[in-house]
Structure formats: structure tokens, C-alpha cells
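A.B. asks: Kindly generate the corresponding structure for this input.
(one chain, ligands or ions: 1)
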Amino acid sequence: VPVTIHEAGTYPRHRVCGEFIAGLRDETISRLGLAPALRGTLRHREVAWFHRDTALHVQRLPEPALGVSRHTLDAALAREFVERGGGLLTRARISDAEHPRPGRVLAYGRRRHMRSRWIGLKLHVRDLPLTRELEVHLGDSCYVGLAQLPDGAVNLCGLFRRRSLGARGPELLLRHLRAAGLPALAARFERASIDQASFCAVAAVDFDRRVLRDACIRIGDAAAMIPPFTGNGMAMAFQSAEAALAPLIAYSRGECDWSDAVDATHAALRRRFGARLWSAAGLHSFLLQPKRQRILTALARARLLPFRTLYTALH
Ligand SMILES: Cc1cc2nc3c(=O)[nH]c(=O)nc-3n(C[C@H](O)[C@H](O)[C@H](O)COP(=O)(O)OP(=O)(O)OC[C@H]3O[C@@H](n4cnc5c(N)ncnc54)[C@H](O)[C@@H]3O)c2cc1C
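C.D. replies: Okay, here's the model as predicted:
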């Protein structure tokens, strides 16, 4: 099936992302032929949880999460796509992206939520020793993930309530850490060497409780964005592409019309992601709001949090 991707940006480039992929299984990797692009990724098995700089719990993941830089992964995917005969147009923004057209698949990422209170910030650093290959720190209206990357750097990425802190770039991230009651993490960050070029930020970000339904085939964040603490957004992007394959192939062979392909894809996404999105949205406020964080941390300390059951619901 001939495919052309219109990409507004270029490759390689840094993205705001925790840079660990949880819940991506072998069947999706093999169905989409992702193995070459995922070569060299790390396998993370444990997550150290912290609440306001205090160690809380070490979670053993039921399945490894993949550790990879988006700078590397997105460029590798683009290369693979072109090598297999795909047409890739970069710096090619589609201006009427929302316009439904037979054969057009929307994969343009998250939708803008202009009233959102959230900002995502990320940066690569070196010389920042980790207690585990993944750390998650809960602060005041924020959480921050630290993830080991294959090249020895550490990715530091947080979702913060937006505050006017009069700074830009890495200094903005540092001030958000301090304002969120994470001074020890801020001090570790200050001692590390910073890769200035890797800094990026996203605003107007919000999360979905259900898969968006309209007259288009949507995949990835364009269909539904899951809260980032799950580390499941990239897996959902791949899984939604997998779910759209059969309807798209049937359409391209003239076996169904476009509206049937749209309906079949939407039904598959709803089946696969409905419960996951709902669970993630429910848990998200417990990670962000100080009062609810206290409930969560008390349960974790009493060993009453069913980490494995939650993992299954969220992935
Ligand atoms: C703070 C934060 C942390 C996260 N951490 C993680 C994590 O640790 N693990 C994880 O798996 N996920 C994480 N995510 C989510 C993850 O980044 C997304 O789920 C994932 O990138 C979705 O992939 P996508 O292809 O749908 O969208 P994107 O990766 O956003 O790609 C969309 C592409 O479309 C292009 N585009 C946009 N508009 C147009 C247009 N009109 N015309 C042409 N091109 C266009 C963009 O340039 C972009 O390259 C995180 C997200 C945030 C905000």
C-alpha cells in the first residue's frame, strides 16, 4: 500500500517524553516490523518512587520497559519507513489536518488544550547517578521521571502545574523542581552536566478519558492521549497503528469504503484502550494533588497499593 507521511518537523529532534516505553509487546513489535528501530534500547525492570524527595517504594515491573531516546528512535523509524519504500515529506505541515478525507490518517500527536494548567519539560543530563534505572518523583502538583538512556545520559522529564517563574530553558526546569518542593532533586540536577540542546517544553497539554470519535482515522495521541506517568503513550501510538492496519488494507484493496474503515478502527481502539484510559485518568489526580498524594503514599508505605493490578489496568 503506497503511503506518504507529511511531517511538520524534521528528524532527528528532541521531544518532551519520559523516554521509557511500557507495555509494548513482542506481537506489536513484530507486526509493525519495529525491531530494527528498537535495536540497542535498554530493558528497565525497576522503578524507584519518591514523594517530596523521600524514598517511598521500589516497584518491580511485571515486564521490562524500553529505555530509548526519542531523538534516536524517531529518526530510526523515519529511516526504516523510507528504506521500505514510504514517502516522507518533512517540513510539510498539513494545514487542514482535521478535514476528513478518504485515505488520510491523522497521526499529528496531541490536540491543543488552550486552558490547560500543565506544562511538560524535559532535558538530558550526564553525571547524575540514579538509584534505579527509572525514578519517579512526586512533588506539589507535579511528577518527574528520570530514565537511564542507552548512551549513558539520563532523561529528566516532568509534568508540572504551570507557574510564572521568570526563567527559560534548563533554568525553568530547575525553578519548577524547587517550586514543587523537590530541592534534593533540584540539587542533583544542578550537580549534573546539562545537554542544553536537548531541552524542550510543551504547553497546552491535557489528557483523554476516551478515544476521540469523528469521521477520521486517528492513531496515537491524535486519537487519545494517556497521562504520561504510565509510560504508555508510545506503546499506544504503535498499538493504534496496529489496530488500523487491517481496516486500511481492506480499504486500499477496495474491500470496504472509507466510513467502514473509520468505524472498524474506532471500534478496535475503543476495545483496546477504553478501560486503560479510564483507569489512567482516575489515578492521575492521585499523583498530582498534594492531598491525594498523601493517601497514595500512606497506602504505598503500608504495602496496600496493588502495584501489579494497577500496572495491568494501565497497560
Ligand atoms: C511530559 C510528557 C512525558 C511523556 N513521557 C512518556 C514516556 O515516558 N513514555 C511514553 O511512551 N510516552 C510518553 N509521553 C507521551 C508520548 O510522547 C506520546 O504519547 C507519543 O509521542 C505519541 O506519538 P504520536 O506519534 O501520536 O505523536 P507525536 O510523537 O507528537 O508525533 C506527531 C507528529 O506530527 C507532527 N505534526 C503535528 N501537526 C502536524 C500537521 N498539521 N501536519 C504535519 N505534521 C504534523 C509533529 O511535528 C509530530 O512530529 C509523554 C508525554 C508528555 C507530555
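
A.B. asks: isn't I119 right up against F160?
C.D. replies: Yes: using Cβ atoms under 8 Å, I119 and F160 qualify as a contacting pair, with a distance of 5.4 Å. (C-beta placed from N, C-alpha, C; glycine too.)

A.B. asks: Tell me which residues touch T265, please.
C.D. replies: When contacts are counted by Cβ atoms under 8 Å, 6 or more residues apart in numbering, T265 is found next to 217, 219, 243-244, 247-248.

A.B. asks: quick one: A224 and A241, what's the gap?
C.D. replies: Distance, A224 to A241, by Cβ to Cβ, to the nearest Å: 13 Å.

A.B. asks: Next to the ligand, which bits of this protein? Give me the list.
C.D. replies: Proximity of the chain to the ligand (Cβ under 6 Å from any ligand atom) is limited to residues 6-9, 16-21, 93-94, 97, 107-109, 120, 157, 159, 202, 205, 220-222, 228, 231-235, 237.

A.B. asks: OK, contacts around the residue nearest to H284 when sequence neighbours are not counted?
C.D. replies: Of all residues not flanking H284 in the chain, P227 sits nearest, at 4.3 Å (Cβ to Cβ, 6 or more residues apart in numbering). Shown in contact with P227 (Cβ under 8 Å, 6+ apart): 159, 207, 280-281, 283-284, 287.

A.B. asks: And the buried ones among the residues you listed, selectable in PyMOL?
C.D. replies: Here is the PyMOL command that selects the buried residues among these (16 or more other Cβ atoms under 10 Å):
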select buried, resi 159+207+280+283+284+287
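
A.B. asks: and of the contacts of P227, the nearest to the ligand?
C.D. replies: When those are compared for distance to the ligand (Cβ to the nearest ligand atom), L159 comes out closest, at 4.6 Å.

A.B. asks: quick one: contacts of the helix or strand containing that closest one?
C.D. replies: In this structure, L159 sits in strand 154-161 according to DSSP states H and E. Among residues not part of strand 154-161, those counted as contacts by Cβ under 8 Å, 6+ apart are 16-19, 69, 117-126, 128, 130, 140-149, 173, 176-177, 180, 189, 192, 205, 227-229, 288.
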